[in-house]
Each structure stands twice: as structure tokens, then as C-alpha cells.
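> have a look at this fold, sequence not included:
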């Protein structure tokens, strides 16, 4: 019996997908399809994009702080 | 310069989202293939995994009708 599930298809890099799965680890709303595809609820798209953006920005900030610290040591 | 443009493009396409419907658990490979072809002809096929028998479409009404008609024809 064929099943149809309403949702939003997300296509992304495996590295981005790993972050998305980590964000989802508490709610388990995601259907994992393959290394670069997954399905999320339509209502979760905006929230996911926002959290993903935050995570990616966090990484950038951490990198720049480390560089500054190294400069101070010199 | 070309490499920088490519990097920007990759950044912008970090995540592509398409709303629609996932169809899964087809009873046979031939049913999956037929639905896949039909969806592609209609221009609503977004993605398909032939190994796992999953497909994603942007519109589902005509696909659901097609599956129902095939099921009736098979009886």
C-alpha cells in the first residue's frame, strides 16, 4: 500500500545535513532519505533555517575569536 | 574570481527546500517506475530514489488518482 506524506523536501550537503539531524535530535520530526535529502514538516522550515543560520554564524565567530587570541599571544 | 563566484553560489545553495509530498512503500518496482514516469511527464517530480522506492512530488492530486486507477485496473 503506497503511503503519501505531506512535507518539505530538503536538499543539502552531508555536512549541513549532519547539523540538521543534530538540531532534530530532540524532536525526531525528520524523515531521513539519503546522505543529502530529508523531509521536514512544512511548519518547521522557517525555524530550521533560522537555527541553521545561527549555528553557521556561531562557527564563524569562534574561528575569528581564536585568531584574535593568537595575535595577542604574539 | 570564478572560484569566488562558485563559493558564493555554494553558500547560497546550502539548503534547497521544496514543499510537496513523499510517496513511499510501493508494492512493486513496476508500480514505482510507472508513477515515477507519470510524475515526470506531468512535471511534478522533484526527486526519486530508485533503490529505496521513494519519490517526492510538488503536487499530489493527479498522482494519487493515477495510483488509484492503476490499482482498480489490476483487479
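It's in. What you are looking at is a predicted structure, and each value in this text was computed from that prediction instead of being measured.
> if I've got this straight, residue B:16 is in a helix?
No: per DSSP: H, G, I helix; E, B strand; the rest coil, residue B:16 lies outside any helix segment and is strand.
> for it, give me its contacts.
Residues near residue B:16 by C-beta atoms under 8 Å, 6 or more residues apart in numbering or on different chains: A:10-12. For glycine as for every other residue, the C-beta is placed from the backbone atoms N, C-alpha and C.
> how far away is the residue nearest the centre of chain B from residue A:15?
For chain B, the residue nearest the mean C-alpha position is residue B:56 (3.1 Å; C-alpha atoms, centre = their mean). To residue A:15, residue B:56 is 22 Å away according to C-beta to C-beta, to the nearest Å.
> for residue A:5, same thing?
Distance from residue A:5 to residue A:15, by C-beta to C-beta: 26 Å.
> so between the two, which is more surrounded?
Taking neighbours as other C-beta atoms under 10 Å in any protein chain shown, residue A:5 and residue A:15 compare with residue A:5 leading, 14 against 8.
> buried set for stretch A:45-53?
Neighbour counts using 16 or more other C-beta atoms under 10 Å in any protein chain shown place A:45, A:48, A:51-52 of stretch A:45-53 among the buried residues.
> now do stretch B:64-75
For stretch B:64-75, by 16+ other C-beta under 10 Å, it's B:64, B:67.
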